[in-house]
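A.B. asks: Next come a sequence and a model predicted from it.
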Amino acid sequence: MDALALPLERYLSDPALVPLARKVEAGERLTWEDGLTLYRSPDLNGIGAMAHSVRLRLHGRKAYYVVSRRLSYTNICYTHCQFCAFQAKPGDPRAYALSADDIIRELEKPENAGVRELHMTSGHNPKLKVEYFEDLFRRLKVRFPSIHLKVFTMIEMDYYARISGLSTEAFLDRCVAAGLESCPGGGAEIFDPEIRERICVGKKDARIWLDTAALCHRKGIPTNCTMLYGHIEEDRHRVDHLLQLRELQDRSRAAGYQGFLAFIPLAYQNEDNELSRTHTIHETTGARDLREIAVARLLLDNIPHIKAYWVMITPGLAQVGLNYGADDLDGTVIAEEIAHDAGAKTPQGLSRQDLERLIREAGCEPLERDNLYRVY
């Protein structure tokens, strides 16, 4: 397996990172204070070298991707998130809710040939109850039996369970019986309650996200996890968020569950949303994006995979992220709405060939995976 030459200290220009590098070499867990040091150190390349050493230890030069399709079944949302430009209220000319027939017709289009994973996250539409999802999932699995259904943020699942008059567990059981196979990691935002009050007032209780993720783990449903960064949060809020994810993963693993498969840092997109109109928030920089990938790889020692999500940070920077701790470029996506409505200027999708070229040019080996990181 490839590895960076030791000691890692030779890659550092900031003496404050030396104790952290020694912990990384020894496989020791980093602390809260270490997390703050990683965010505050000026030595981005040194942090990247430490994260890359962990990535090489875990995965060598392997870099994963999936042939996927993003699709949102509705943009109607009664949960007000100040950072979102995707949401629409009933009566808004932009508002839509897709039927099962609409979604099947969309997936039958030629550009979706070969899709292995359907990733669906959407608004919180009170007209969509559990029966809608049961019918949708059953029909999708009949028409496209080889497509993996990855649906619902933890907040969506809680919302649709409540309006269906069900416990979250009962809702999840019915959806799994109909064909649901895994859940993405969105909706986590930042766990700090004061920040949630200011950026996602309609889903301000972070315990809902964490408890629903724990439920999925107990049920054997693979999930990912995320963090939204680059808005009004501070270093301490991000460290707290990452360590809460690590703690939940510890509990799930200790109980014998698989837990989180991957962590995805999500860069805030600052166009056409309330948060950017009421606060001066600049676009995240390349340095900021690479630091988030690297810090995540160093702090989340119990989550196997770190994604560099090209949709939000550009394909080129995601490629660099493969040498800053990331081992996954996500997928082909094909048509992404939520980030692009908020100002993302990246392509709507990338081809399998695009992703493999990016991975190879970063000095890595491209591997097409399924949702459980089994290689095709």
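C.D. replies: Perfect, thanks for sending it. Since the structure is predicted, the reported quantities are computational estimates derived from the model, not experimental observations.

A.B. asks: got a pLDDT number for residue 331?
C.D. replies: According to the predicted model, the pLDDT of residue 331 comes to 89.

A.B. asks: whoops, I mixed them up, residue 337
C.D. replies: At residue 337, the model reports a pLDDT of 49.

A.B. asks: With residue 233 instead?
C.D. replies: Per-residue confidence for residue 233 comes out at a pLDDT of 89.

A.B. asks: looking at the protein, which helix or strand is least sure?
C.D. replies: Least confident element among the helices and strands of the chain, by mean pLDDT, DSSP states H and E: helix 338-341 (a mean of 43).

A.B. asks: and the next element down the chain from it?
C.D. replies: Proceeding C-terminally, helix 338-341 gives way to helix 352-361 as the next helix or strand, assigned by DSSP states H and E.

A.B. asks: Closest to the centroid, which residue in the protein?
C.D. replies: Relative to the mean C-alpha position of the chain, the nearest C-alpha, by Cα atoms, centre = their mean, is the one of residue 264, at 3.5 Å.

A.B. asks: Surely it is within a strand?
C.D. replies: Yes. Assignment of residue 264 by DSSP: H, G, I helix; E, B strand; the rest coil places it within a strand.

A.B. asks: my guess is it contacts residue 224, does it?
C.D. replies: Yes. Residue 264 lies in contact with residue 224 (Cβ atoms under 8 Å); the separation is 6.1 Å. The way it works is simple: take the backbone N, C-alpha and C, and place the C-beta from them, glycine included.

A.B. asks: what do the two both touch?
C.D. replies: Between them, residue 264 and residue 224 share these contacting residues under Cβ atoms under 8 Å, 6 or more residues apart in numbering: 185, 307.

A.B. asks: gap between residue 258 and residue 299?
C.D. replies: Counting by Cβ to Cβ, to the nearest Å, the gap between residue 258 and residue 299 amounts to 20 Å.

A.B. asks: neighbour-wise, which of these two wins?
C.D. replies: residue 299 (25 against 16; other Cβ atoms under 10 Å).

A.B. asks: What pLDDT is listed against residue 282?
C.D. replies: What the model reports for residue 282 is a pLDDT of 77.

A.B. asks: next one: residue 319
C.D. replies: 97.

A.B. asks: can you tell me which helix or strand it belongs to?
C.D. replies: With secondary structure defined by DSSP H and E, residue 319 is part of helix 315-321.

A.B. asks: Buried residues in that helix, which are they?
C.D. replies: For helix 315-321, the buried set under the neighbour-count rule, 16 or more other Cβ atoms under 10 Å, comprises 315, 317, 318, 319, 320, 321.

A.B. asks: And stretch 37-48, by the same measure?
C.D. replies: 37, 38, 41, 43, 44, 45, 46, 47, 48.

A.B. asks: From what I see, the fifth one and residue 293 are in contact.
C.D. replies: Right, residue 44. No. Distance between residue 44 and residue 293: 10.9 Å, which falls outside the contact criterion (Cβ under 8 Å).

A.B. asks: quick one: contacts of the longest helix along the chain?
C.D. replies: Assignment by DSSP state H gives helix 235-254 as the longest helix of the chain. Here helix 235-254 makes contact (Cβ under 8 Å, 6+ apart) with 32, 35-36, 39-40, 188, 190-192, 195, 206, 210, 213-214, 217-218, 225, 227, 229, 258-260, 263, 292, 295-296, 299-303.

A.B. asks: Can you verify residue 368 is assigned to a strand?
C.D. replies: Yes. Secondary structure assignment places residue 368 in a strand (three-state DSSP).
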